[in-house]
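Undergrad: No sequence on hand, only this structure:
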């Protein structure tokens, strides 16, 4: 019963529509009506600016981290990743925003942070390097997801200081999230093919003003 209740709480934590709330409270804007119509971090940066984007990024990461830490907080012998996944589902299909949410990247990062801070730093490094090379958040999200999934298999054998042991559930969840992230980015993939995908103003292929 306690596990079921905490899973619901994890989902509700993930369901907090950070971008929507920040936009409405501080900017009198519903970001779902602008840009890509997403409630996530990237669209918040695009529509509301850097400060709002950073705030929403941190909030979305925190949702995943807090949810993943629930079994540790309540002393439950359950793999914390299960609660992280509940938060990711909440972020993507939020009950507080008519089940239309973001693309799961930031909250998934928060899940990794709650599971293993060192692996989070490793994964964040992959994300930053890929973003600097591609200058596209969409490409970075998809490529990073693939590389992080492969890392869950390889790192325990070549760099156990970062990931001490192989966790089949971590690999399965990472693989599932990778597929999910690709599906959520299908419109971005079309724009990438057409050469019209949005770019950030930094990196090797930065947006030209």
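TA: Okay, I see it. In this text the structure is predicted, and so the values were computed from the model without any measurement.
Undergrad: I'd like to know which helix or strand in the chain has the lowest mean pLDDT.
TA: helix 41-48 (a mean of 91; mean pLDDT, DSSP states H and E).
Undergrad: I'd like the next helix or strand past that one.
TA: Next along the chain after helix 41-48, taking DSSP states H and E as the criterion, comes helix 50-73.
Undergrad: what is the mean pLDDT for that next one?
TA: In this model, helix 50-73 has an average pLDDT of 96.
Undergrad: packing partners for that helix?
TA: Secondary-structure packing of helix 50-73 (3 or more CB pairs under 8 Å, 6 or more residues apart in numbering; DSSP states H and E): helix 2-15, helix 18-27, helix 41-48, helix 81-92, helix 105-115. From N, CA and C alone the C-beta is placed, and that goes for glycine too.
Undergrad: Reformat these as CSV; add distance to residue 167.
TA: CSV is the format used below for the helices and strands packed on helix 50-73 (distance: least, CB to CB, whole Å):
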stretch, distance to residue 167
helix 2-15, 19
helix 18-27, 28
helix 41-48, 27
helix 81-92, 8
helix 105-115, 9
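Undergrad: rank those helices by pLDDT, which is bottom?
TA: helix 41-48 (a mean of 91).
Undergrad: which residues touch that helix?
TA: For helix 41-48, the surrounding residues in contact (CB atoms under 8 Å, 6 or more residues apart in numbering) are 18-19, 22-23, 26-27, 29, 31, 34-37, 52-53, 56-57, 60, 102-103, 105-106, 137-138, 198.
Undergrad: filter those to the buried ones?
TA: 18-19, 22-23, 29, 31, 36, 52-53, 56-57, 60, 102-103, 105-106, 137-138, 198 (16 or more other CB atoms under 10 Å).
Undergrad: so who does the residue positioned nearest the centre of the chain touch?
TA: Note on the chain: the residue nearest the mean C-alpha position is residue 105, at 1.9 Å, using CA atoms, centre = their mean. By CB under 8 Å, 6+ apart, the residues touching residue 105 are 40-41, 141, 145, 181.
Undergrad: Closest one of those residues to residue 85?
TA: Using CB to CB, residue 181 is the member of the contacts of residue 105 that lies nearest residue 85, at 13.5 Å.
Undergrad: Sticking with the nearest residue to the closest one once chain neighbours are set aside, tell me its helix or strand.
TA: Sequence neighbours aside, residue 145 is the residue nearest to residue 181 in space, at 4.9 Å (criterion: CB to CB, 6 or more residues apart in numbering). Secondary-structure element containing residue 145, defined by DSSP H and E: helix 137-158.
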